[in-house]
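Asks: This is a predicted model, with the sequence first.
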Amino acid sequence: MDRAAKKELVTTLSEVFDKTSLVVVGHYSGLKVSEITDLRRQMRAAGAGFKVSKNRLTKLALHGTKFEAIGDLLKGPTAIAYSDDPVAAAKVAVEYAKKNDKFVLKGGVMGGTTLDVEGVKALATLPSLDELRGRLLGMIQTPASRIASVLQAPGGQLARVLSAYATKDEAQAA
């Protein structure tokens, strides 16, 4: 890799770190290219990114960002997963690490807070941003449907009472 390509990679990684909210670091020693490609595909499907780069270049890109704390984790064959959604990259990384023992989580950073392996695993158990939006929308819609049924109930009861009086009057008249 020549100097210009290295500089471009550092610039690209710096831009990624500026836009993302979560970075997870993993150790990928022993993974085949097809396995890394599969992990990349899973990350992309979840709206996350996955990058294998030289540790020194990644540390240069981390300099001056809120993720600078993960620089200590960059030893050996490491890869980074990142996402705008604070849960997506962690979910995919934890699930992949469960299935493949050659991919080992080292830690991460979310919004300036350093996470150990257990912190990343705890983050992965949280619902994603889309799941939370769906739940919130469901909670908002539920009271509205309850209000509508409560408002309709007195009208229905009033109609039944009037109908009962009408049939009672008809029965007395006959």
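Replies: In hand now; what should we look at?
Asks: mind listing the helices in this protein by residue range?
Replies: 3-19, 33-45, 55-62, 88-99, 117-124, 129-173 (DSSP state H).
Asks: Out of the ones you listed, which is the most enclosed?
Replies: Highest mean neighbour count of those: helix 88-99, a mean of 22 (counted as mean count of other C-beta atoms under 10 Å). For the C-beta atoms, the positions are set from N, CA and C on the backbone; glycine is no exception.
Asks: Excluding chain neighbours, give the residue nearest to Ala61 in space.
Replies: By the measure of C-beta to C-beta, 6 or more residues apart in numbering, the closest residue to Ala61 outside its immediate chain neighbours is Leu13, 3.4 Å from it.
Asks: how close does that neighbour sit to Thr113?
Replies: Distance of Leu13 to Thr113, computed by C-beta to C-beta, to the nearest Å: 20 Å.
Asks: Provide a list of residues in contact with the residue nearest to Ala61.
Replies: When contacts are counted by C-beta atoms under 8 Å, 6 or more residues apart in numbering, Leu13 touches Lys51, Ser53, Leu57, Thr58, Ala61, Leu62.
Asks: which one of those residues sits closest to Thr125?
Replies: Nearest to Thr125 among the contacts of Leu13: Lys51, at 24.4 Å, using C-beta to C-beta.
Asks: Report pLDDT for that closest one.
Replies: According to the prediction, Lys51 has pLDDT 91.
Asks: The residue nearest to it when sequence neighbours are not counted: what's it in contact with?
Replies: Closest residue in space to Lys51, ignoring its immediate chain neighbours: Ile80 at 5.3 Å, by C-beta to C-beta, 6+ apart. Ile80 sits next to Val23, Val24, Val25, Gly26, Phe50, Lys51, Ser53, Thr58, Ile70 when contact means C-beta under 8 Å, 6+ apart.
Asks: The closest residue to Leu62 other than its chain neighbours - how many residues pack around it?
Replies: Nearest residue to Leu62, sequence neighbours excluded (C-beta to C-beta, 6+ apart): Glu68, at 5.0 Å. By the criterion of other C-beta atoms under 10 Å, Glu68 has 16 neighbours.
Asks: Check the spacing between Glu68 and Val23 real quick.
Replies: For Glu68, the distance to Val23 (C-beta to C-beta) stands at 10 Å.
Asks: quick one: low-confidence parts of this protein?
Replies: Applying pLDDT under 70 to the chain flags the ranges 143-158, 161, 174.
Asks: How is it divided into domains?
Replies: Following automatic domain parsing, one finds the domains of the chain at 3-126, 128-174.
Asks: Quick one: end-to-end length of the longest one, please.
Replies: When you say that, I think you mean domain 3-126. In domain 3-126, first residue to last residue: 41 Å (C-alpha to C-alpha, to the nearest Å).
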